[in-house]
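with the input below, show me the fold.
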Amino acid sequence: MPTELTLRPATPGDLDDLVSVHVSSRAAAPMPAGVHPEREVRAWLTERLDHDEVWVAVVGDEVAAYTRFTETWLDDLYVAPERAGQGLGSALLGVVKARRPGGFCLWVFETNQPARGFYAHHGLVELERTDGTGNEEKQPDIRMAWPGDDPLAFYRGLIDEVDADLGDVLARRAALTRAVQPHKPVAGRDPDRERAIAEAMARRAPALGADRLHRIVHAIITESLEASQA
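Next comes the predicted model:
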């Protein structure tokens, strides 16, 4: 850890250094190339300085690293390549933990093994993986989380979010099941289609597997059909 290290909130005067650290750190990391040119990175960080919490690690008079975070997400943690391995990332992550004691999540690219190892070393856990269709780079990524001072409350909060989404999806599924019935050529269930649905879902949720998902799909369709006849 540099002896002349200062951690402080970023100011608009730090913008040039933030852009430089962002661009150089991304270029040096084992992650997909950024899809935005430097001018767009600058415009984005200019806007986020007014909305997010941004802190910098200053060594002497040099901004050598920065972090940007919201109430629930750690969006950026970048260290200038020449300052890697000096503890600046750990120091800034400590700031985020102190400022967000209730916990937070972040996304990291699957290929970025050094970052994944860094976060795991500091107590973050991997929650879910995606195929990358939801990010701009279209590359597989991983959601990680630091559960904060009360892990049970943190994880239950995430579960509540998922359950709310699940409720919306199930309501849509039931409505569609009801709507499709008059258009089916043959009344009754289609076991082959149900198995195909489960296998497709298993590709998105491999931890559950096709057999478990087939049972879940069967139950959803059963209850949706009964609801449509009520």
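
so which elements touch the helix of greatest length in the chain?
Criterion DSSP state H: the longest helix present in the chain is helix 151-180. Secondary-structure packing of helix 151-180 (3 or more C-beta pairs under 8 Å, 6 or more residues apart in numbering; DSSP states H and E): helix 209-228. Quick note: C-beta positions are derived from backbone N, CA and C, even for glycine.

what about the closest residue to F109 other than its chain neighbours, which SS state?
Leaving aside its sequence neighbours, F109 sits nearest to M31 (C-beta to C-beta, 6 or more residues apart in numbering; 4.4 Å). Of the three states, M31 takes coil under DSSP: H, G, I helix; E, B strand; the rest coil.

how many neighbours does H22 have?
The number of residues packed near H22 is 22, by other C-beta atoms under 10 Å.

so what's it closest to, chain neighbours aside?
Y78 (5.3 Å).

wait, that neighbour sits on S25?
Yes - under the criterion of C-beta atoms under 8 Å, Y78 makes contact with S25 at 3.9 Å.

pull out the buried positions in whichever helix or strand W44 is part of.
W44 is located in helix 38-48, with elements delineated by DSSP states H and E. The neighbour-count check on helix 38-48 (16 or more other C-beta atoms under 10 Å) flags V41, R42, L45, R48 as buried.

can I get the residues you listed in TSV with distance to G123?
Formatted as TSV, these follow (distance: C-beta to C-beta, whole Å):
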residue	distance to G123
V41	29
R42	33
L45	28
R48	26
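
list the contacts of D76.
H22, Y66, T67, R68, F69 (C-beta atoms under 8 Å, 6 or more residues apart in numbering).

shouldn't the last one be in contact with L92?
No - counting by C-beta under 8 Å, L92 is not a contact partner of F69; they are 9.6 Å apart.

hang on, the earlier thing: between the contacts of D76, which is closest to T3?
Closest approach between the contacts of D76 and T3, by C-beta to C-beta: Y66, at 20.0 Å.

tell me the SS of the closest one?
Per three-state DSSP, Y66 ends up strand.

SS state for the nearest residue to it once chain neighbours are set aside?
Leaving out its chain neighbours, the residue that sits closest to Y66 by C-beta to C-beta, 6+ apart is V56, at 4.7 Å. With three-state DSSP as the basis, V56 sits in strand.

excluding its backbone neighbours, what's nearest R42?
For R42, ignoring the flanking residues on the chain, the nearest one in space by C-beta to C-beta, 6+ apart is V19 at 5.0 Å.

spit out the contact partners of that neighbour.
So, once contact is read as C-beta under 8 Å, 6+ apart, V19 ends up touching E38, V41, R42, L45.
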